[in-house]
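1. 3D model of this:
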Amino acid sequence: MLDSTVHWLDQFGSLVFWTCAATLVLINAAAVAVVMLTRSRDLVNRWTGPVLAANLFLLGAGIGLPVAAFTAKFVVSTLAPSLSVEQRKDAGPQDAVPMSGVLPQP
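-> Alright, predicted model coming up:
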């Protein structure tokens, strides 16, 4: 279960980063193409704000979400050994021994 969570977080961070990067390139390429074709100063004045806002949003999401996914992956990977419990064959559920080898204090 924890391995699948780590794998999903890794895929999610990568997917978000590359999707935001591709969208950022497409938006800026389209903006440059439209400005080069029309040569309209009015168009530049009207659309600079929204294009800049889209760029800032995509940069924030493209960097922030993968960093958050990496942090969550790190936390899950670090805490996974302490969350795993190994059962002895002759023991009941109350005698569970953590896999890390550290016994709970009575």
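2. so how far is Ser14 from His7?
-> Distance, His7 to Ser14, by CB to CB, to the nearest Å: 11 Å. No exception for glycine: its C-beta is placed from N, CA and C like everyone else's.
3. could you say what helices and strands the helix or strand containing Ala68 packs with?
-> Applying DSSP states H and E as the criterion places Ala68 in helix 41-83. Applying 3 or more CB pairs under 8 Å, 6 or more residues apart in numbering; DSSP states H and E, one finds that helix 41-83 makes contact with helix 2-38.
4. now the angle between helix 41-83 and the helix it packs on, please.
-> Counting by axes from the mean of the first three to the mean of the last three CA atoms, to 10 degrees, helix 2-38 lies at 170 degrees to helix 41-83.
5. What about the nearest residue to Thr19 once chain neighbours are set aside, how many residues nearby?
-> Nearest non-adjacent residue to Thr19, counting by CB to CB, 6 or more residues apart in numbering: Gly62, 7.8 Å away. Neighbour count for Gly62, taken as other CB atoms under 10 Å: 19.
6. and if you look at Leu58?
-> 19.
7. tell me the pLDDT at Ile27?
-> We have a pLDDT of 97 for Ile27.
8. State the distance from the closest residue to it other than its chain neighbours to Val34.
-> Take Ile27 and drop its neighbours on the chain: the residue closest to it by CB to CB, 6+ apart is Ala54, 5.6 Å away. Between Ala54 and Val34 the computed distance is 14 Å (CB to CB).
9. do Leu24 as well
-> 16 Å.
10. More neighbours: which of those two?
-> The residue with more neighbours, out of Leu24 and Val34, is Leu24; 17 against 13, by other CB under 10 Å.
11. Which residues are in contact with that one?
-> 55, 58-59, 62 (CB atoms under 8 Å, 6 or more residues apart in numbering).
12. what do you get for Ile63?
-> Ile63 touches Phe17, counting by CB under 8 Å, 6+ apart.
13. Where does the prediction get shaky in this protein?
-> Residue ranges of the chain with pLDDT under 70: 1, 83-106.
14. circling back: was I right about the residue nearest to Thr19 contacting Leu15?
-> No. Using CB atoms under 8 Å, Gly62 makes no contact with Leu15, being 10.7 Å away.
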